[in-house]
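**Student:** just the structure for this:
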Amino acid sequence: MFPVIPEEQIERQLATTELAVGWDVLASFFRSDHTRMKGHVHAGMEVGMVLSGELDMHFAEAEFKCGPGDVWLCGMWEPHAWRVYAGTTNIALVFLPDLLTDQMSGDPPYLDLFASPPDSRPRVTDADLRQRMLAIGNDIRRETKQQGPFWRTMIRLDLLRIVSELCRVPGASPPVGRRSAAGDHLSNLARMTPAVKLVQEQPRHRVKVDEAAGACGLSRSQFQRIFRNAMGTSFGRFCLRARLAFAAHRLRHTGATVEAIAEAAGFADVSHLCKTFVRHHGCTPNEYRSLR
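**Tutor:** Here you go, the predicted model:
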């Protein structure tokens, strides 16, 4: 079960670290018009699409424009920002990785798409693929509006259609001889689920590697190797993203001082939070708070 987010709630909910907790997929369909870059970070993975208009997507390592039929991908707690131009209509699907781990033999390596660096993730460059993506996006739009029988299931299937199409983009999937590695990836992610949930349930807490490894029934070295393979980043960096998400949410939705937020999010001091925030979000905590 998942809710469709009303337009007026999209800003608040996209900034909430608990966004995807408890739902298979959280879908939103909304119009936007703000020419200032706006940053977000959230617990779930995200698949977004432009249905009409244009927007700029910004990651720490990459920046690109999206037009009708273009799709973007975000990993868990991965800082990202966008600038939306007048009359643009977007759709966003946010979900926990568990949704893509229950797969059949021969299914595409969906999660490899999110573990790749932003500039290496597949893009929509073919006109036929663009039309297919727009058809799926409009199917999601219709389902969210009509809410007919099993409409939530239909949107979940539409999400799988989008990532399956992306996996078919040349270079997106591993060569045939490496297909078994893709299966291992899914198995590894499932093994990492206890650690992911530890961080997800208490983003302000500095979860230790030994604690996470123990939750997964692995040695420290095994855990660190498998986590990086499954998530595309180290466990330490993953935890840092979670604490930055907590800080970002507090900045946007509370009147707490930056000093209090730094302490609550487990940073050594304000200077530590500011330096880390700028590195990941491209702005200071106070600048982030002022973005509306």
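**Student:** which residues touch residue 47?
**Tutor:** 71-73, 92-93, 159, 162-163 (C-beta atoms under 8 Å, 6 or more residues apart in numbering). Yep, even glycine has a C-beta here, placed from its N, CA and C like the rest.
**Student:** what about 7 Å?
**Tutor:** Residues near residue 47 by C-beta atoms under 7 Å, 6 or more residues apart in numbering: 71, 73, 93, 159, 162-163.
**Student:** which of these has the weakest pLDDT?
**Tutor:** Least confident of the contacts of residue 47 in the model: residue 93, at 86.
**Student:** give the partner strands of the helix or strand where it lies in its sheet and their orientations.
**Tutor:** Here residue 93 sits within strand 80-95, counting by DSSP states H and E. Paired strands of strand 80-95, with direction, are strand 26-40 (antiparallel), strand 45-52 (antiparallel), strand 55-59 (antiparallel) (DSSP bridges).
**Student:** circling back to that earlier point, which of the contacts of residue 47 fall in helices?
**Tutor:** Those of the contacts of residue 47 mapping onto helices are 159, 162-163, per DSSP state H.
**Student:** save the residues you listed as JSON lines, and put in distance to residue 220 too.
**Tutor:** Formatted as JSON lines, the ones in helices among the contacts of residue 47 follow (distance: C-beta to C-beta, whole Å):
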{"residue": "159", "distance to residue 220": "35"}
{"residue": "162", "distance to residue 220": "37"}
{"residue": "163", "distance to residue 220": "32"}
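**Student:** in JSON lines, list those residues along with neighbour count and distance to residue 204.
**Tutor:** Below are the ones in helices among the contacts of residue 47 laid out as JSON lines (neighbours: other C-beta atoms under 10 Å; distance: C-beta to C-beta, whole Å):
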{"residue": "159", "neighbour count": "22", "distance to residue 204": "30"}
{"residue": "162", "neighbour count": "22", "distance to residue 204": "33"}
{"residue": "163", "neighbour count": "22", "distance to residue 204": "31"}
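**Student:** pLDDT below threshold where in this protein?
**Tutor:** 1-41, 98, 100-106, 173-187, 189, 203, 291-292 (pLDDT under 70).
**Student:** let me see the domain layout of it.
**Tutor:** 4-167, 187-292 (automatic domain parsing).
**Student:** can you give me the helices for the stretch 51-200 of the chain?
**Tutor:** Assigned by DSSP state H, counting those that start in this stretch, the stretch 51-200 of the chain shows helices spanning 112-115, 127-146, 151-167, 179-201.
**Student:** ok, which of the ones you listed comes nearest residue 244?
**Tutor:** helix 179-201 (12.1 Å; C-beta to C-beta).
**Student:** after the closest one, which helix or strand is next?
**Tutor:** By DSSP H and E, the next helix or strand past helix 179-201 is helix 209-215.
**Student:** mind listing what's buried along that following helix?
**Tutor:** Using 16 or more other C-beta atoms under 10 Å as the test for burial, helix 209-215 gives 209, 212-215.
**Student:** list just the nearest of those residues to residue 199.
**Tutor:** Using C-beta to C-beta, the buried residues of helix 209-215 come closest to residue 199 at residue 212, 7.7 Å.
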